[in-house]
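Colleague: Let's see this in three dimensions:
(one chain, ligands or ions: 1)
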Amino acid sequence: MANSNKSSTADTALLQLRKEIDAIDDRILDLLNQRARCAQQVAEIKTAAGEVDCFHRPEREAEVLRRIAENNRGPLSQEAVTRFFRELMSECLALEKPLAVAFLGPQGTFTQQAAYKHFGHAIQALPLPTIDEIFRAVESGACQYGVVPVENSTEGVITHTLDSFLRSFLLIAGEVGLRIHHNLMSTVSSSEEIREVFSHQQSLAQCRGWLDRYLPNVRRTPVSSNAEAARLAAVMPNTAAIAGEVAAELYGLTILERNIEDEPDNTTRFLVIGRNPVGATGNDKTSLLLSTRNNPGALYAVLEPFARHGISMTKIESRPSRRGTWDYVFFIDVEGHRDDPRLAEALKDVEKSVTMLKILGSYPRASF
Ligand SMILES: C=C(O[C@@H]1C=C(C(=O)O)C=C[C@H]1O)C(=O)O
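Modeller: Residues are numbered from 1 along each chain as shown. Reported below is the predicted structural model:
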């Protein structure tokens, strides 16, 4: 008797809460559409001002996300509210025209995951087989943006991406950080049946320790992407792939072992490339490409102005120039926007001591 009383009280409370939730959902729905109508009006104003190619404003979106994170009182996490609002902006923008975003394909790659994380899911995501083709698709205007991997916390820079900036006029419009989990996947059910394992060279390297230990006699074959590895493992008997979870789903493979990456906080950074400069948000980064002659103290002369103007450097990479006339090229990331007075002053001084300075872009820092 007591029990049934208790359960009927719980039932009433549940019913009441569900009613409340329905009422809240109706209000949210109204507000979502109200917001979408505002965004449509913004697009009308932009069209009237002659902007037809791209309504997307990375600096404005970063500001929206930052404001939301600042105002969030929980219990939802910052990451959760950021995800909601990212998707909301993505859908609002797509009402006009979905953004065309090229990524390193095929379907199921981490780069695709990074593209969705940055732009939301209401985009037209175009898989392309090489980094060069992504640059070309954005340069030609076939896509508004491209997403390419640039560095991994375990394995270092993806040199091909950096080298592409040497010859391209494209600008960096954003960055995305993604925690990378690798999984061993196959059509076979036991790892003893595996004779060969496919993956992108970077991923094989990121799982080297695990492979040495658990699959020491299995041949490792590098292929063009993790998704390609999954595709091959699905059709070739007694093989496996190392790839992300999405690839296993896409190609119908069974995950035999999860999280086999050697470094527990294995992260990859991706760059968003576009044709237009991005305005300042107050929390930006600037990427530079410069070359110096091979003189003693040449690099010191480059870096000194940053120190003098109090600019923090977050990365420096040197690469062969491939152009003969320059001995070295450096890829440097600093904090701040090129329009921030302090950074602008520092860049003016840097320019005096280099043989070439190209600002690859100022863009909002990745939020999560
Ligand atoms: C609405 C605008 O256009 C786009 C949509 C945004 C949004 O939904 O909040 C933000 C920036 C732009 O990408 C705008 O410029 O404010």
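Colleague: any idea which helix or strand of the protein has the worst average confidence?
Modeller: Lowest on mean pLDDT, DSSP states H and E among the helices and strands of the chain sits strand 156-157, with a mean of 78.
Colleague: Any buried residues in the helix or strand just after it, and which?
Modeller: Downstream of strand 156-157, the first helix or strand assigned by DSSP states H and E is helix 159-167. Within helix 159-167, the residues that count as buried by 16 or more other CB atoms under 10 Å are T161, L162, D163, S164, F165, L166. Every residue, glycine included, has its C-beta placed from N, CA and C.
Colleague: same thing with stretch 209-218?
Modeller: Applying 16+ other CB under 10 Å to stretch 209-218 flags W210, L211, L215, V218 as buried.
Colleague: One more: stretch 295-310?
Modeller: Of the residues in stretch 295-310, those buried (16+ other CB under 10 Å) are A298, L299, V302, L303, P305, F306, H309.
Colleague: Now do the domain split for this protein, please.
Modeller: The chain breaks down by automatic domain parsing into domains covering 19-94, 98-180+267-272, 183-257, 277-364.
Colleague: Make sure I have this right: S287 is in a helix.
Modeller: No. Counting by DSSP: H, G, I helix; E, B strand; the rest coil, S287 falls outside a helix, being strand.
Colleague: State the distance from it to the ligand.
Modeller: 21 Å (CB to the nearest ligand atom, to the nearest Å).
Colleague: List the beta-bridge partners for that residue.
Modeller: Under the criterion DSSP bridges, S287 forms beta bridges with D333, G361.
Colleague: what's the nearest residue to Y214 once chain neighbours are set aside in contact with, if anything?
Modeller: Leaving out its chain neighbours, the residue that sits closest to Y214 by CB to CB, 6 or more residues apart in numbering is S191, at 7.0 Å. When contacts are counted by CB atoms under 8 Å, 6 or more residues apart in numbering, S191 touches L184, Y214, L215, A240, L256, E257.
Colleague: which pair in those residues spans the largest distance?
Modeller: Greatest spatial distance in the contacts of S191: Y214 and A240, 11.3 Å, computed using CB to CB.
Colleague: interface residues of the protein facing the ligand?
Modeller: Within the chain, the residues that sit near the ligand (CB under 6 Å from any ligand atom) are A39, V42, F55, H56, R57, R60, E61, V64, M89, C92, L93.
Colleague: Skipping adjacent residues, who's closest to the fifth one in space?
Modeller: Okay, so that is R57. G279 (7.7 Å).
Colleague: Wait, the one you found touches E59, no?
Modeller: Yes. Counting by CB atoms under 8 Å, G279 touches E59, with 4.1 Å between them.
Colleague: So the two - more neighbours on which side?
Modeller: E59 (20 against 17; other CB atoms under 10 Å).
Colleague: give me every residue that touches that one.
Modeller: Contacts of E59 (CB under 8 Å, 6+ apart): V278, G279, A280, T281, P364.
Colleague: number of nearby residues for the closest residue to the last one other than its chain neighbours?
Modeller: Think P364. The spatial neighbour of P364 that comes closest, neighbours along the chain excluded (CB to CB, 6+ apart), is A62 at 3.6 Å. Counted with other CB under 10 Å, residues neighbouring A62 total 22.
Colleague: Just list whatever residues bridge to T268.
Modeller: N152, L178.
Colleague: And it, what's its pLDDT?
Modeller: Per-residue confidence (pLDDT) for T268: 90.
Colleague: Check R322 too.
Modeller: Note for R322: predicted pLDDT of 64.
Colleague: Where does pLDDT dip in the stretch 201-350 of the chain?
Modeller: By pLDDT under 70, the low-scoring segments of the stretch 201-350 of the chain are 322-326.
Colleague: can I assume A36 sits in a strand?
Modeller: No. If the criterion is three-state DSSP, then A36 is helix and not within a strand.
Colleague: List the single closest residue to it in space, sequence neighbours excluded.
Modeller: What sits nearest to A36 in space, not counting adjacent residues and going by CB to CB, 6+ apart, is C92, at 5.1 Å.
Colleague: name the element the one you found belongs to?
Modeller: helix 78-96.
Colleague: how much space is there between N283 and V334?
Modeller: As judged by CB to CB, to the nearest Å, N283 and V334 stand 13 Å apart.
Colleague: Can you pick out the residue with more neighbours from these two?
Modeller: Between N283 and V334, counting by other CB under 10 Å, V334 is the more crowded of the two (24 against 14).
Colleague: quick one: contacts for the residue nearest in space to the middle of the chain?
Modeller: When CA atoms, centre = their mean is applied to the chain, the residue found nearest the centroid is V176 (3.0 Å). The contact partners of V176, taken as CB under 8 Å, 6+ apart, are A114, A115, K117, H118, V147, R269, F270, L271, V272, A366.
Colleague: try 6 Å
Modeller: By CB atoms under 6 Å, 6 or more residues apart in numbering, V176 lies in contact with A114, K117, H118, F270, A366.
Colleague: helix, strand or coil for the third one?
Modeller: Reducing the assignment to helix, strand or coil with three-state DSSP, the entry for H118 is helix.
Colleague: roughly how far apart are the closest residue to it other than its chain neighbours and L343?
Modeller: Leaving aside its chain neighbours, H118 sits nearest to V176 (4.6 Å; criterion: CB to CB, 6+ apart). For V176, the distance to L343 (CB to CB) stands at 22 Å.
Colleague: can you give me the strands in the stretch 1-150 of the chain?
Modeller: 100-104, 124-128, 145-152 (DSSP state E, counting those that start in this stretch).
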